[in-house]
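Student: Here you go, sequence then predicted model.
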Amino acid sequence: MADLRLQRNFGIAAHIDAGKTTTTERILRYTGMIHKIGEVHDGGATTDWMEQEKERGITITSAAVSCQWQFPTVNGKADANTKKYYFNIIDTPGHVDFTVEVERSMRVLDGLIALFSAVDGVEPQSETVWRQANRYKVPRIGFVNKMDRSGADFLNVVKQVKEMLGAKAVPLQLPIGAEDDFKGVVDLITMKGVIWDMATEGMTFTTIPVPDDMKEEAELWRAQLIEAVAEYDDKLMEKFFDDPNSITEAEVHEAIRKATIDLSIVPMMCGSSFKNKGVQTALDAVCRYLPSPVDIEDTKGINPDTGEEETRKADPKAPFAALAFKIMTDPFVGRLAFFRCYSGHLDAGSYVKNMRSGKNERISRIMKMFANKQNPIDFIEAGDIGAAVGFKEIKTGDTLCDENHPIVLENMFIPEPVIAIAVEPKTQADVDKMGMAIAKLVEEDPTLRVNTDEDTGQTILRGMGELHLEIIIDRMRREFKVEVNQGAPQVAYKEAFRKSIEHREVLKKQSGGRGKFADIIFEFGPADEEWLKANDGEHFQFVNDIFGGSIPREFVPAIQKGFQASMGTGVLANYPVENMKVRVFDGSFHAVDSDSMSFELCAKAGFREAARKAQPVLLEPIMKVEVITPDQYMGDVTGDLNRRRGMLEGMDSRAGAQVIKAKVPLSEMFGYVTQLRSLSSGRATSTMEFSHYSPAPNNIAEEVIAKVKGKAKVED
Ligand SMILES: Nc1nc2c(ncn2[C@@H]2O[C@H](COP(=O)(O)OP(=O)(O)OP(=O)(O)O)[C@@H](O)[C@H]2O)c(=O)[nH]1
């Protein structure tokens with residue numbers, strides 16, 4: 001049994017282009033997993049294995065990679081105290097269309113390296129990632145990369161992390177040399193310098209005394225570091241005031257570790273992955289300060305039999321419980337389900353229960369991913385991450401467990417898809433293939449949704465953004481060899497109701513022989529606010545208030561099913577219904593003619609009638625937009641945002657530029673990037689992410705409805 005205290009599951013998250021892929025690559029190199037350094041720009045990086053990633057030079061899917069690191073070492077060399085640490089690293093994408101990838105990594109990780117560019121500092125996506133890490137309470141270390149670039153400023157990034165992310169960022173190092181001349185770091189705990197040897201591509205490094213001209217500054221920052229963590233250790237606090245020279249390295253490490261795991265501080269380090277500097281010290285910090293699976297809270301879940309909350313300990317002897325966080329189709333082994341094992345032990349070849357499908361499935365093989373290689377392992381235990389082969393049916397977010405100890409683990413937060421695109425197979429031969437391809441892609445990607453437009457019969461894909469859907473269609477073509485015609489991206493509107501009403505629907509059909517009869521009386525309208533709050537992510541509140549058997553109990557599920565199915569197509573413009581409440585309180589039935597089918601059909605007909613009376617409204621997605629622009633374009637940028645029905649929410653200055661925050665309807669944001677570029681001679685940049693759905697103004701709603709009702713097909 002492995003010592004769980006030596007296990008680290010961590011991710012590397014940052015804004016696009018901060019250097020995650022390069023850093024992961026260096027880690028694999030220094031841990032001996034790969035020999036040649038793959039550069040991102042030649043498409044040679046190991047974790048970016050998908051075709052599109054190679055072409056676009058961005059990381060789309062998070063790949064889990066395992067490696068081992070020797071720690072502690074003396075000048076990089078193992079001695080009697082050295083132990084072998086086991087790492088599972090998840091590389092997470094930086095593009096906002098793929099935040100769900102970051103989100104699901106956060107769910108299964110214990111710690112994070114938050115990567116920043118020393119030149120660009122805290123960027124919009126770093127803020128998004130930061131919020132996600134806060135949501136999942138992930139302890140983190142900051143790594144300021146690209147110290148070799150001109151304009152690199154470590155302490156300025158530290159300041160930004162404090163001011164913009166509200167974190168207590170505490171430097172553990174100071175850079176020696178800057179920009180082209182960046183050589184290494186002063187370690188504020190050992191009070192020694194570390195210089196990387198370029199002759200060995202940074203594989204080795206030398207320890208030197210703190211350079212004379214940095215001594216004073218280093219003392220100052222060391223005192224700040226100790227002060228920041230002293231409250232985590234009484235002895236340290238005492239020594240800090242009485243005799244700072246008697247403080248030992250071990251005491252400082254221990255206090256930093258406690259404060260980091262407690263989310264009180266973020267230790268800040270620096271380096272240049274590309275120039276092979278600073279990566280090993282960051283890995284030592286991962287071992288020292290980030291939590292192991294036994295340092296985090298026990299995993300929570302619900303026992304489906306009792307409805308009670310239960311926890312699972314990171315203990316191989318506890319019942320098996322795991323969460324599938326990524327499904328990937330691998331060209332060689334087929335479907336791989338990545339999962340985090342929270343507790344227990346699972347042998348390859350044994351069975352697990354999927355709590356969503358209710359099926360017991362045999363895991364034929366369990367794999368660990370090492371850079372480009374996949375190695376089968378005999379078993380997996382609490383605290384580890386692996387990939388299972390053999391599932392017939394599995395989706396991202398499924399809980400896998402021991403059937404004798406059922407539990408449903410807390411799932412991940414899945415953002416709403418806001419862009420829709422109509423697709424149709426190009427040829428008859430593509431028809432079946434397209435269905436299969438979409439089914440597979442939906443399994444892999446919980447932010448991709450699919451439905452059929454009832455009027456046109458077209459397949460509608462909904463996703464997180466234009467790039468997301470573009471990549472999905474590209475994957476259909478490359479991986480599944482399906483050719484499709486696609487419409488222009490459309491806003492994924494929704495529908496909702498303003499009013500609660502009562503309605504009676506009677507279904508009566510007599511066509512010779514046995515007829516159909518159902519009669520339902522129900523209250524219909526928006527879901528209750530409290531219910532929505534308590535049932536995060538749910539859309540349909542169904543209340544059974546039938547008394548005295550006016551409708552027999554066995555027909556109630558059919559009524560619920562009928563209403564549920566109807567929600568996919570609203571009455572205004574066929575958009576899905578955001579939320580609704582149905583409270584059935586009376587009705588009647590016929591001893592011969594009533595059956596489940598009658599009640600289901602009656603509910604469907606009832607939905608269409610009731611929905612019209614309940615004041616349906618069109619909801620449009622509102623995006624949170626952030627623009628960074630040089631001062632002189634401020635007026636033009638805000639004017640343009642106003643024309644796009646934007647609500648300005650704030651402005652502040654950051655590193656000599658203005659940052660404008662606004663909420664803007666997504667329908668007004670098509671082509672924005674191009675427009676912004678021409679407004680600002682290419683100098684302003686923007687990011688956007690989904691904020692919420694809000695009722696569209698009447699004129700806009702009328703336009704959208706007229707367009708949908710007026711056409712037979714989604715136009716190209
Ligand atoms: N000068 C310098 N360039 C770097 C450094 N690290 C990464 N780069 C370069 O920055 C660019 C982006 O690096 P990536 O590693 O692809 O960044 P990423 O964060 O993985 O990017 P995405 O996957 O697109 O989110 C590449 O051209 C790298 O060579 C560094 O330390 N110094």
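Tutor: Thanks, I have the structure now.

Student: what about Ser596, neighbour count?
Tutor: Residues contacting Ser596 under the criterion other Cβ atoms under 10 Å number 16. Every residue, glycine included, has its C-beta placed from N, CA and C.

Student: Equivalent analysis for Val673, please.
Tutor: Val673, neighbours per other Cβ under 10 Å, totals 14.

Student: any idea what sits nearest it, other than its immediate chain neighbours?
Tutor: Ser686 (6.6 Å; Cβ to Cβ, 6 or more residues apart in numbering).

Student: List the buried residues for the helix or strand where that neighbour lies?
Tutor: Ser686 belongs to strand 685-695 when assigned by DSSP states H and E. Residues of strand 685-695 classed as buried: 685-691, 693 (neighbour count, 16 or more other Cβ atoms under 10 Å).

Student: Of the residues you listed, which is the nearest to Glu470?
Tutor: Met688 (16.1 Å; Cβ to Cβ).

Student: That closest one reaches Ile622, doesn't it?
Tutor: No: between Met688 and Ile622 there is no contact under Cβ atoms under 8 Å: 10.2 Å.

Student: The ligand contacts on the stretch 101-250 of the chain?
Tutor: 145-146, 148-149 (Cβ under 6 Å from any ligand atom).

Student: from the residues you listed, which ones fall inside strands?
Tutor: If you go by DSSP state E, these have Asn145 in strands.

Student: can you redo the residues of the stretch 101-250 of the chain next to the ligand as a markdown table with pLDDT and neighbour count?
Tutor: Below are those laid out as a markdown table (pLDDT from 0 to 100; neighbours: other Cβ atoms under 10 Å):
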| residue | pLDDT | neighbour count |
| --- | --- | --- |
| Asn145 | 97 | 32 |
| Lys146 | 96 | 26 |
| Asp148 | 96 | 21 |
| Arg149 | 95 | 18 |
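
Student: For Tyr289, see how far away the residue of the stretch 101-250 of the chain found nearest the ligand is.
Tutor: Closest approach between the stretch 101-250 of the chain and the ligand, counting by Cβ to the nearest ligand atom: Lys146, at 4.0 Å. Look at Lys146 and Tyr289: by Cβ to Cβ, to the nearest Å, they are 22 Å apart.

Student: Now do the residue nearest to Val673 against the ligand, distance only.
Tutor: Ser686 sits 17 Å away from the ligand, going by Cβ to the nearest ligand atom, to the nearest Å.

Student: For this structure, name the helix or strand with the lowest mean pLDDT.
Tutor: Using mean pLDDT, DSSP states H and E, helix 51-56 stands out as the lowest-scoring helix or strand of the chain, at a mean of 45.

Student: Can I get the strand holding Ser686 in CSV? Just the C-alpha atoms.
Tutor: This file holds the C-alpha atoms of strand 685-695, laid out as CSV (Å, rounded to 0.1, in the frame of the first residue of the first chain):
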residue,chain,number,x,y,z
THR,A,685,-8.4,42.8,-25.9
SER,A,686,-11.6,41.3,-24.5
THR,A,687,-12.8,38.2,-22.8
MET,A,688,-16.3,37.1,-22.0
GLU,A,689,-18.1,34.4,-20.1
PHE,A,690,-21.7,33.5,-19.4
SER,A,691,-23.3,35.4,-16.5
HIS,A,692,-27.0,34.7,-16.4
TYR,A,693,-30.3,34.5,-18.4
SER,A,694,-32.5,37.5,-18.4
PRO,A,695,-35.8,38.4,-20.1
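
Student: partners of that strand, with directions?
Tutor: If you go by DSSP bridges, strand 685-695 pairs up with strand 616-629 (antiparallel).

Student: For the strand it pairs with, buried residues please.
Tutor: For strand 616-629, the neighbour count (16+ other Cβ under 10 Å) marks 616-629 as buried.

Student: Please give the centre-to-centre distance between that strand and its chain.
Tutor: Mean-position distance between strand 616-629 and its chain equals 20 Å (Cα atoms, centre = their mean, to the nearest Å).

Student: that older thread, give me the contacts around the strand holding Ser686.
Tutor: 96, 99, 124-125, 128, 415-416, 418, 464, 494, 496, 578, 617-629, 663-666, 669, 672-673, 676, 701 (Cβ atoms under 8 Å, 6 or more residues apart in numbering).

Student: Quick check: nearest residue in space to Trp531, chain neighbours excluded?
Tutor: Gln541 (4.9 Å).

Student: Which residues are in contact with each of Met688 and Ile622?
Tutor: Shared contacts of Met688 and Ile622 (Cβ under 8 Å, 6+ apart): Val664.

Student: just for the stretch 451-600 of the chain, where's the confidence low?
Tutor: 454-455, 512 (pLDDT under 70).

Student: so where do the strands sit in it?
Tutor: Remark: strands assigned in the stretch 451-600 of the chain by DSSP state E, counting those that start in this stretch are 459-463, 484-486, 490-491, 494-497, 501-509, 516-525, 540-544, 580-588.

Student: Over to the stretch 1-150 of the chain?
Tutor: So, for the stretch 1-150 of the chain - with DSSP E, counting those that start in this stretch - the strands run 7-14, 64-71, 83-91, 111-117, 140-145.

Student: Most tightly packed of these?
Tutor: Ranked by mean neighbour count, those are led by strand 140-145 with a mean of 28 (mean count of other Cβ atoms under 10 Å).

Student: what helices or strands is that one leaning on?
Tutor: When contacts are defined as 3 or more Cβ pairs under 8 Å, 6 or more residues apart in numbering; DSSP states H and E, strand 140-145 sits against helix 20-30, strand 111-117, helix 154-165, strand 266-270, helix 279-289.

Student: what would the ones you listed look like in JSON lines with distance to Phe524 and mean pLDDT?
Tutor: Output for the helices and strands packed on strand 140-145, formatted as JSON lines (distance: least, Cβ to Cβ, whole Å; pLDDT from 0 to 100):
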{"stretch": "helix 20-30", "distance to Phe524": "49", "mean pLDDT": "86"}
{"stretch": "strand 111-117", "distance to Phe524": "45", "mean pLDDT": "94"}
{"stretch": "helix 154-165", "distance to Phe524": "45", "mean pLDDT": "92"}
{"stretch": "strand 266-270", "distance to Phe524": "50", "mean pLDDT": "97"}
{"stretch": "helix 279-289", "distance to Phe524": "54", "mean pLDDT": "96"}
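
Student: Would you mind giving the ones you listed as TSV with distance to Lys426 added?
Tutor: TSV is the format used below for the helices and strands packed on strand 140-145 (distance: least, Cβ to Cβ, whole Å):
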stretch	distance to Lys426
helix 20-30	34
strand 111-117	42
helix 154-165	47
strand 266-270	51
helix 279-289	47
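
Student: picking up where we left off before, make sure the residue of the stretch 101-250 of the chain closest to the ligand is actually in contact with Gly278.
Tutor: No: applying Cβ under 8 Å as the test, Lys146 and Gly278 come out as separate, 10.5 Å apart.

Student: Give me the common contacts of these two.
Tutor: In contact with both Lys146 and Gly278: Ser272, using Cβ under 8 Å, 6+ apart.

Student: Show me how far stretch 195-208 is from its chain's centre.
Tutor: Distance, centroid of stretch 195-208 to centroid of chain: 36 Å (Cα atoms, centre = their mean).

Student: if we can go back for a sec, go through the residues of the stretch 101-250 of the chain next to the ligand and say which is closest to Ala199.
Tutor: Asp148 (17.0 Å).

Student: Report the contact partners of Ala282.
Tutor: Ala282 neighbours (Cβ under 8 Å, 6+ apart): 113, 141, 143, 269, 271.

Student: one more time with 10 Å, if that's ok
Tutor: Ala282 makes contact with 12, 23, 26-27, 113, 115, 141-143, 145, 172-173, 269-271, 273, according to Cβ atoms under 10 Å, 6 or more residues apart in numbering.

Student: What distance do you get for Glu538 to Met580?
Tutor: Between Glu538 and Met580 the distance is 11 Å, computed by Cβ to Cβ.
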